[in-house]
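need the 3D shape of this:
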Amino acid sequence: MTALSRRRYRRKSPPLVAALKGLPLTTAEIGVTIWRLRPSDAMDGGARVLVMEGGQPSQLTPERVEADQLLRLGDRVRISVESPRAGYLYVVDREQYGNGALGDAMLIFPTTQTRGGDNRVRPGVLVDIPAQDDSPPYFTLRSNNPGYVGEMLMLIVVPQPIEGLAVGPQPIPLPLAEVLTWQKLWGTQAELFDMVGGAGTAWTQAEKAASLARGGRMLTQDEPGPQNIYRVALHQGNGFMINVPLRCRR
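Numbers count the residues shown, from 1 in each chain. Presented below is the predicted three-dimensional model:
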């Protein structure tokens, strides 16, 4: 991804093991931005999300957060994904608990409510999850488990659609055996880079337009890059899976 060369990014994790050993390594990159939505104010100059809350229209401003930033219960979040390679994107969500355990797996993307079920990715096009026309266009961090410490998002990019996976209008539960199979097929090493000075900046009109276009409007090199870039080691078949944690404090 050219974003690493045209903007300042800092490493937030150890290098890939094979790279440390000087071994040949085929890699891919994927950009992920975590947004926290707050009520807009008169000084905001960026783009806004229009929502209905309590039966009244409201405006929210998405702001970038760092990958390791602690969120709070009740925070409204969404993510943007930018892939420099064509393929199909899947996102699995599992609650995280303080003892290290994970909750049930839910496939939260694709759904037929978001982009009509279209989960294709390609260079320059942003995928917003949830989409701007979803209702609501954000997830709210909440749990009834007292041990809750956040969410674990598993992002999968594969060159062909996953066979036999039927999606509907709502997230669907996944059997643990199926998730473990995907981890064995596509789980890989990943190193994380974070954009310097990006945290706290607001969503831009260019990002809003790019995610609305569904393949038409594309970001250019002069427009905002992803807050986080994951560089992954590719397996045979070129599919990969990364874990993106959303850490939460009560």
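
what does the pLDDT read for Leu23?
Looking at Leu23, its pLDDT is 60.

which strand in this protein has the most residues?
strand 27-39 (DSSP state E).

who are the packing partners of it?
strand 56-65, strand 76-82, strand 148-158, strand 228-233, strand 240-249 (3 or more C-beta pairs under 8 Å, 6 or more residues apart in numbering; DSSP states H and E). Heads up, the C-betas are built off the backbone N, CA and C, glycines and all.

tabulate those (a markdown table), appending distance to Arg115.
Below are these laid out as a markdown table (distance: least, C-beta to C-beta, whole Å):
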| stretch | distance to Arg115 |
| --- | --- |
| strand 56-65 | 18 |
| strand 76-82 | 12 |
| strand 148-158 | 16 |
| strand 228-233 | 22 |
| strand 240-249 | 19 |
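
start to end distance for stretch 151-165?
23 Å (C-alpha to C-alpha, to the nearest Å).

what of stretch 129-145?
Stretch 129-145: ends 24 Å apart by C-alpha to C-alpha.

avg pLDDT for it?
Rounded mean pLDDT across stretch 129-145 is 90.

okay, and the beta partners of the one residue sitting closest to the centre of the chain?
The centroid of the chain falls nearest to Ile79 when counting by C-alpha atoms, centre = their mean (4.3 Å). When assigned by DSSP bridges, Ile79 has beta-bridge partners Ile34, Ile129.

ok, Thr181 - contacts?
The neighbourhood of Thr181, defined by C-beta atoms under 8 Å, 6 or more residues apart in numbering, contains no residues.

where's it, which helix or strand?
Per DSSP states H and E: Thr181 is located in helix 176-186.

now that helix: average pLDDT?
The average pLDDT within helix 176-186 is 94.

after it, which helix or strand is next?
strand 190-195.

need the contact partners of that following strand.
Identification of contacts with strand 190-195 by C-beta under 8 Å, 6+ apart yields 4, 7-16, 64, 66-67, 225-233, 240, 242-243.

what about it, distance to the chain center?
Relative to its parent chain, strand 190-195 has a centroid offset of 13 Å by C-alpha atoms, centre = their mean, to the nearest Å.

got the angle for that strand vs strand 240-249?
60 degrees (axes from the mean of the first three to the mean of the last three C-alpha atoms, to 10 degrees).

burial count for Leu185?
16 (other C-beta atoms under 10 Å).

shift numbering so it begins at 231
Done: numbering now begins at 231, and the last item shifts to Leu415.

Asn468 versus that one, what's the distance?
11 Å (C-beta to C-beta, to the nearest Å).

what about Ile386, how many neighbours?
With other C-beta under 10 Å as criterion, Ile386 counts 23.
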